[in-house]
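Asker: Let me see the structure of the following:
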Amino acid sequence: MTAAPSAATVVTRRQTSRSTWRPALLAEPDGLLRTRYAWEPALLKPIDTLTVLIVFLALQFLIPARLVIGGMGAVGRPTVAIGILLVFVWALSAVRGQLPGARQPIRWVIFLYVAVQMFSYAVGFDRGLPGVEASSADRWIIFTIAMAGLTLAIADGIPTRAQLDRFLLVLVGFTTVMAVIGILQFLGVADLTRYLRLPGLSNNAELIGIGQRGGPGFARVASTATHYIEFGVVLSMVLPVALHYALFATERKQRQLRWAAVVLIASAIPFSLSRSATLAVTLGMAVLATVWPWRQRYNAAIIGVVATAAFAVVQPGVLGTIRSLFSNADDDPSIQNRIARTDYVMDLWSLRPWFGRGAGTVIPEQYILLDNQLYVTLLAGGVVGLAGLVIFLLGPYFIARSIRLRGADQETRHLAQSLAVIMPVSLLVSATFDSFSFATFVGVLFLVIGAIGALWRLDHESPHERVLQIAAPGDKYVATPLMAYWRRSGPTDDGVRTPAAPSSP
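Answerer: You can find the predicted model right below:
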């Protein structure tokens, strides 16, 4: 039994109630009050790395690649300016001791690549460059440093796994928009690239528009990319990442949106009518499938066959045209021209075999159009430059593979493999076209390398043993690595979590 409140307490309650009372129509909801008092202008809010990176992606994918800042030429793309900003911010953070303290192998990969390019740049000027080659070399170094800043900002600047996932999902989203623009071009609905403009930007070259290949009626499209080949290759590079997030979606709406992105990206790849894109998507999916259990491989194969058949019905002739690009290779002038240039490349390379002619100096105006980045790098950087490029492309692959083998959970290991496959794909297509001449391709490549670095750092910070991880009973998408089985069959089982039967390399 409680005591009755005193008279003083009652009076105090009445006074408090009277002083705080307001008519119902004038009362503000609690949410509105919090918003009003917590609000601050957007320009006054701190800008984090993720925000800058999303702006980079928007400019990279939504603005036609041939639009540049007036008077700056090929390095006048807004994304290059953002890359230079990121270099400055990263360097400032390094000087102030604000970089993550964990080991970061991607830094060494980037430092080595930039060092090779700077050395090659100096070699070029040492031999004496004509004006057009000197300008091209300057642009190349600016572009290289900007892209290095992008990679370092991602590798060291994304603080959490949630932000990394958000960034990669935004990449998938903008790639989907790029695919939709290409699909609309192919179907003849609209060419949106004619209307995508930003004040202050002008055409560095004529927009490529819609072309033809394989006869009248077979359009090939480039969307916002510089060229049809680049369009198909970029979609093929991002497809494994899109597929990863579709497989690991947890909610119904999430699954619907992410699978829609996969379908749109995959269906737009054939519209480039490109051998390079076909090789890229084939290699990418084959390497990704090596980590799947056999059941998942069977499911993927069946879905792939059904999807290909459905595409052939909806767009008859497109797949036949792509098939003819390979079956009629002996009569294809583009392939024959590439083969015919080999002797020219070898003769020119023999003049400066070790250090080349200088980074960024091998340009069509002075030499010849080489649809092969490995040839371009061999002439520009010699054996040293080509070795640097191969290390640059394969180093991140092995770093990502380490995460695939030892990651904390199934989703981390699968994401690592999804990022890893992009590196051999990039090396393959670099032998089929001059890939580093295309800014969207290079941008995607460098940001993927940065994402590998961020995933490495975040996974190493998570509390789990850095040993070979076997597939848990509930894992559907990542099988046990063969190395775990080999180690279990040896004299010791150090470095393996628990025994498991082999099912995947």
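Asker: Residue 246 and residue 262, how far apart?
Answerer: 5 Å (C-beta to C-beta, to the nearest Å). Glycine gets a C-beta too; all of them are placed from N, C-alpha and C.
Asker: shared neighbours, these two?
Answerer: Shared contacts of residue 246 and residue 262, defined by C-beta atoms under 8 Å, 6 or more residues apart in numbering, are absent.
Asker: quick one: pLDDT of residue 307?
Answerer: According to the prediction, residue 307 has pLDDT 85.
Asker: Buried ones in the strand or helix carrying it, by neighbour count?
Answerer: Using DSSP states H and E, residue 307 sits in helix 294-314. The neighbour-count check on helix 294-314 (16 or more other C-beta atoms under 10 Å) flags residue 296 as buried.
Asker: what about residue 441, is that helix, strand or coil?
Answerer: Following DSSP: H, G, I helix; E, B strand; the rest coil, residue 441 is assigned to helix.
Asker: Check what pLDDT it gets.
Answerer: Looking at residue 441, the pLDDT reads 96.
Asker: show me what contacts it?
Answerer: By C-beta under 8 Å, 6+ apart, the residues touching residue 441 are 230, 233-234, 237, 426, 435.
Asker: coming back round to it: and the contacts of the helix holding residue 307?
Answerer: 266-267, 270, 285, 289, 292, 318-319, 476-477, 503.
Asker: These in helices, which ones?
Answerer: In helices, judged by DSSP state H, the following of the contacts of helix 294-314 are found: 266-267, 285, 289, 318-319.
Asker: ok, which pair from those residues is furthest apart?
Answerer: 289 and 318 (24.0 Å; C-beta to C-beta).
Asker: can you list the contacts of helix 294-314 in JSON lines and add pLDDT and distance to residue 182?
Answerer: Formatted as JSON lines, the contacts of helix 294-314 follow (pLDDT from 0 to 100; distance: C-beta to C-beta, whole Å):
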{"residue": "266", "pLDDT": "95", "distance to residue 182": "12"}
{"residue": "267", "pLDDT": "93", "distance to residue 182": "10"}
{"residue": "270", "pLDDT": "91", "distance to residue 182": "10"}
{"residue": "285", "pLDDT": "95", "distance to residue 182": "20"}
{"residue": "289", "pLDDT": "95", "distance to residue 182": "26"}
{"residue": "292", "pLDDT": "93", "distance to residue 182": "28"}
{"residue": "318", "pLDDT": "69", "distance to residue 182": "13"}
{"residue": "319", "pLDDT": "70", "distance to residue 182": "17"}
{"residue": "476", "pLDDT": "87", "distance to residue 182": "32"}
{"residue": "477", "pLDDT": "86", "distance to residue 182": "29"}
{"residue": "503", "pLDDT": "43", "distance to residue 182": "37"}
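Asker: Return the closest of those with respect to residue 413.
Answerer: Among the contacts of helix 294-314, and counting by C-beta to C-beta, the member closest to residue 413 is residue 477, at 8.8 Å.
Asker: The closest one: neighbour count?
Answerer: 18 (other C-beta atoms under 10 Å).
Asker: show me what contacts it?
Answerer: The contact partners of residue 477, taken as C-beta under 8 Å, 6+ apart, are 247-248, 291-293, 296, 410, 414.
Asker: now residue 200
Answerer: The contact partners of residue 200, by C-beta under 8 Å, 6+ apart, come to 69-70.
Asker: For it, grab phi and psi.
Answerer: Dihedral pair for residue 200: phi 90, psi -10, per degrees, to the nearest 10.
Asker: Give the helix, strand or coil label for residue 249.
Answerer: Applying three-state DSSP: residue 249 is coil.
Asker: Run a quick check on it versus residue 255, I expect a contact.
Answerer: Yes: look at residue 249 against residue 255 with C-beta atoms under 8 Å: they come within range, at 4.2 Å.
Asker: Look up the closest residue to residue 291, ignoring the ones flanking it.
Answerer: Nearest non-adjacent residue to residue 291, counting by C-beta to C-beta, 6 or more residues apart in numbering: residue 417, 4.7 Å away.
Asker: I misspoke; the intended subject was residue 105.
Answerer: Closest residue to residue 105 apart from its sequence neighbours, by C-beta to C-beta, 6+ apart: residue 399 at 5.4 Å.
Asker: Next up, the contacts around that neighbour.
Answerer: So residue 399 contacts 105-106, 109, 452-453, 456 (C-beta under 8 Å, 6+ apart).
Asker: hmm, back to that, ok, the contacts of residue 477 vs residue 465, which is closest?
Answerer: Comparing the contacts of residue 477 against residue 465 with C-beta to C-beta places residue 410 closest, at 15.6 Å.
Asker: show me what contacts the closest one?
Answerer: Shown in contact with residue 410 (C-beta under 8 Å, 6+ apart): 471-472, 475-478.
Asker: Number of residues surrounding residue 132?
Answerer: 12.
Asker: again with the one 4 residues further on
Answerer: Around residue 136 sit 22 other residues, with neighbours defined as other C-beta under 10 Å.
Asker: Now the phi/psi pair for it, please.
Answerer: phi -60, psi -40.
Asker: Just the pLDDT at it, thanks.
Answerer: pLDDT recorded at residue 136 is 89.
Asker: what's the answer for residue 393, then?
Answerer: For residue 393, the pLDDT comes out at 96.
Asker: on that earlier part again, with respect to residue 341, which of the contacts of helix 294-314 is nearest?
Answerer: Ranked by distance to residue 341 (C-beta to C-beta), these are led by residue 270 at 27.7 Å.
Asker: Looks like that closest one contacts residue 319 (just checking).
Answerer: Yes: in this structure, residue 270 is within contact of residue 319 by C-beta under 8 Å, at 6.6 Å.
Asker: and the most centrally placed residue in the chain, what helix or strand is that in?
Answerer: Closest residue to the average C-alpha location of the chain: residue 444 at 3.5 Å, with C-alpha atoms, centre = their mean. Under the criterion of DSSP H and E, residue 444 resides in helix 439-461.
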